[in-house]
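Enquirer: I would like to see how this sequence folds:
(one chain, ligands or ions: 2)
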Amino acid sequence: MPTLIKNANEVITLKGNGQGPRTKEAMKEIGIIENGSVLVNQDRIVAIGTLEELQKEYPELIADSEVIDATGKVVMPGLVDCHTHLVHGGTRENEFNMRLNGSTYMEIMNAGGGIHSTTRSTRQASFEELYEKTYNHLNEFLKYGITTVEAKSGYGLDWENEKKQLEVAKKLQETHAVDIVSTFMGAHAVPAEYKGREDEFVEIVINEMLPKVAEEQLAEFNDVFCEKGVFTPEQSRRILEAGKQYGLTPKIHADEIEPYEGAEMAAEVGAISAEHLLVASDEGIQRMAEAGTIAVLLPGTAFFLRAPFARGRLMVDEGVPVAISTDFNPGSSPTISLPFIMNLACMNMGLTLEEVLTATTMNAACAINRGDQIGSLEEGKKADILVLNVANYKQLQYYYGMNHTHLVMKNGRVVVKDGVLQ
Ligand SMILES: N=CN[C@@H](CCC(=O)O)C(=O)O
Ligand SMILES: [Zn+2]
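Expert: Ligands and ions are numbered 1, 2, ... in the order given. All right, here's what the predicted structure looks like:
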């Protein structure tokens, strides 16, 4: 049955010029239609405009439609969370307390905690336990209006457990309403059993894991944590180049804690995105702008690690396409609230209300190679649509720390109504 979402105060289309990532001034163009309506048929958007315009063009479809009244509300595309460590075992609230008492993230990791702690919990968890835990997390994502999530592996760190994480994501893609896009991140840390034999582990990632990921079609992207004490730029480059041979698009955790020329490398290897970038250099930012590398910024991580925020304002001004994401993971950003993260991007990175909307819809979709299907309200795109309990888009961040989601439509089906899962 077709659906008509009618008479919203504002329909924020995010329709820009083409389906690529937006930069500079284009990040501010969010395409507002006042008193707007959206017509949906099956899983696709048919048309967007005023009710009069739609009635003139599609009288029969509208006559058959179920109607959702959006009077007084804002309608926009579903949010895209383009960087998460979705599937994981355990929690790390004790480390949070250790950090509040003065330990650093890397000290905890080097002492066998951090990523190693979650690796132990993830290895111990069964497929079913991970599936159920992640299913519940995806329900929470939906309630915040997030309709697509990127999911990285990287808490298995051996083939059996990397595969388990990736297969949990694959099954959830089939069973849960939220769309999941998978990234292989076997090079998230050197596992404890390879301490002192780091290069050997790099060879295993390259020669044993990457071919299997490709053969079993378990991921589209290949990511690496390029950081002092984790993987060197040389090791990272080899892993990313090897992934390219298997058709896996490079992504990179770059310049998060110490400057390591990760942004520069992302541009050089043709990565679709460089992520974190808290301490990226001027040169690296320049190179990313020239190469069109998307900066996936994760202000929740800076907030939670009490680290300096990435220079988002400068990046936008220099012409880097910027996306914003939660980085949902049990260590450095245990939150699902992308709206809160958007607020941090405004308050601590200097992004504008319009820029954060672009950064969590169209640019985030492009960071996972889905710019042609989601990220904006346009004819023919997936009907992933939010109806929000605010009178205009500026209120989304003005009333901060709140969940404004009234209704979520995923693939043309209402999955959240009055804030409640259907
Ligand atoms: N920095 C590396 N990886 C994750 C954190 C992983 C963890 O601490 O469990 C991140 O993106 O923040
Ligand atoms: Zn991450």
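
Enquirer: thinking E379 is in contact with G49, fair?
Expert: No - taking Cβ atoms under 8 Å as the definition, E379 is not a contact partner of G49, at 10.2 Å. For every residue, glycine as well, the C-beta is placed using N, CA and C.

Enquirer: more crowded one of those two?
Expert: Between E379 and G49, counted using other Cβ atoms under 10 Å, the more crowded position is G49 (18 against 11).

Enquirer: is the more buried one in a helix, a strand, or coil?
Expert: Counting by DSSP: H, G, I helix; E, B strand; the rest coil, the backbone at G49 sits in strand.

Enquirer: cool, and Q19?
Expert: coil.

Enquirer: now L39
Expert: From three-state DSSP, the assignment for L39 is strand.

Enquirer: then M109?
Expert: Going by three-state DSSP: M109 is helix.

Enquirer: if I look at the nearest residue to it once chain neighbours are set aside, what pLDDT would I see?
Expert: Closest residue in space to M109, ignoring its immediate chain neighbours: I115 at 6.0 Å, by Cβ to Cβ, 6 or more residues apart in numbering. Note on I115: pLDDT of 98.

Enquirer: how many other residues sit next to I115?
Expert: 26.

Enquirer: look at A151 and tell me its secondary structure.
Expert: strand.

Enquirer: so who does it touch?
Expert: A151 sits next to T84, H85, L86, V87, A169, I180, V181, S182, T183 when contact means Cβ atoms under 8 Å, 6 or more residues apart in numbering.

Enquirer: helix, strand or coil for the third one?
Expert: What it means is L86. Applying three-state DSSP: L86 is coil.

Enquirer: name the nearest residue to the residue in the stretch 301-422 of the chain that ligand 1 sits nearest to, sequence neighbours excluded.
Expert: Taking Cβ to the nearest ligand atom, ligand 1 has its nearest neighbour within the stretch 301-422 of the chain at G331, 2.6 Å off. Excluding the flanking residues, the one nearest G331 by Cβ to Cβ, 6+ apart is R92, at 5.1 Å.

Enquirer: same check, this time on L166
Expert: Using Cβ to Cβ, 6+ apart, the nearest residue to L166 is L218, at 4.0 Å.

Enquirer: repeat for I12
Expert: M76 (4.1 Å).

Enquirer: for I33, see how far away the one you found is.
Expert: Remark: distance between M76 and I33 (Cβ to Cβ, to the nearest Å) = 11 Å.

Enquirer: and for M402?
Expert: 25 Å.

Enquirer: of those two, who's got more company?
Expert: Neighbours were counted for M402 and for I33 using other Cβ under 10 Å; I33 has more, 19 against 15.

Enquirer: could you look up the SS state of that one?
Expert: Quick answer, by three-state DSSP: I33 is strand.

Enquirer: please apply the same query to the one 3 residues further on.
Expert: Following three-state DSSP, the label given to G36 is strand.

Enquirer: one more: G380?
Expert: Going by three-state DSSP: G380 is coil.

Enquirer: count the neighbours of it for me.
Expert: 10.

Enquirer: how many neighbours does the nearest residue to M349 once chain neighbours are set aside have?
Expert: Spatial nearest neighbour of M349, chain neighbours left out: G312 (3.2 Å); criterion: Cβ to Cβ, 6+ apart. If you count neighbours by other Cβ under 10 Å, G312 ends up with 24.

Enquirer: cool, and E193?
Expert: 9.

Enquirer: with the one 10 residues further on instead?
Expert: Applying other Cβ under 10 Å, we find 13 other residues in the vicinity of E203.

Enquirer: A helix includes it, no?
Expert: Yes - counting by three-state DSSP, E203 is found in a helix.

Enquirer: so how far is G78 from it?
Expert: 40 Å.

Enquirer: same deal with L357?
Expert: L357 is 12 Å from G78, by Cβ to Cβ.

Enquirer: and for F184?
Expert: In terms of Cβ to Cβ, F184 sits 25 Å off from G78.

Enquirer: quick one: which of these two has more around it?
Expert: Per other Cβ under 10 Å, whichever of F184 and G78 has more neighbours is F184, with 31 against 27.

Enquirer: where does the more buried one land in three-state SS?
Expert: Assignment for F184 (three-state DSSP): strand.

Enquirer: next one: K133
Expert: helix.

Enquirer: quick revisit: my read is that the residue nearest to M109 contacts M106, right?
Expert: No - between I115 and M106 there is no contact under Cβ under 8 Å: 10.6 Å.

Enquirer: now do the helices in the stretch 101-250 of the chain.
Expert: 105-110, 115-124, 127-143, 159-175, 198-204, 210-215, 233-245 (DSSP state H, counting those that start in this stretch).

Enquirer: and the most centrally placed residue in the chain, what does it touch?
Expert: Note on the chain: the residue nearest the mean C-alpha position is C82, at 1.6 Å, using Cα atoms, centre = their mean. C82 sits next to E150, S273, V296, A323, S325, A364, A365, A367, I368 when contact means Cβ under 8 Å, 6+ apart.

Enquirer: and the pLDDT for it?
Expert: 99.

Enquirer: for the stretch 201-350 of the chain, which residues are neighbours of ligand 1?
Expert: F225, H253, E256, T301, D327, N329, P330, G331, S332, S333 (Cβ under 6 Å from any ligand atom).

Enquirer: can I get those in CSV with secondary structure?
Expert: Output for these, formatted as CSV (three-state DSSP):
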residue, secondary structure
F225, strand
H253, strand
E256, coil
T301, helix
D327, coil
N329, strand
P330, coil
G331, coil
S332, coil
S333, strand
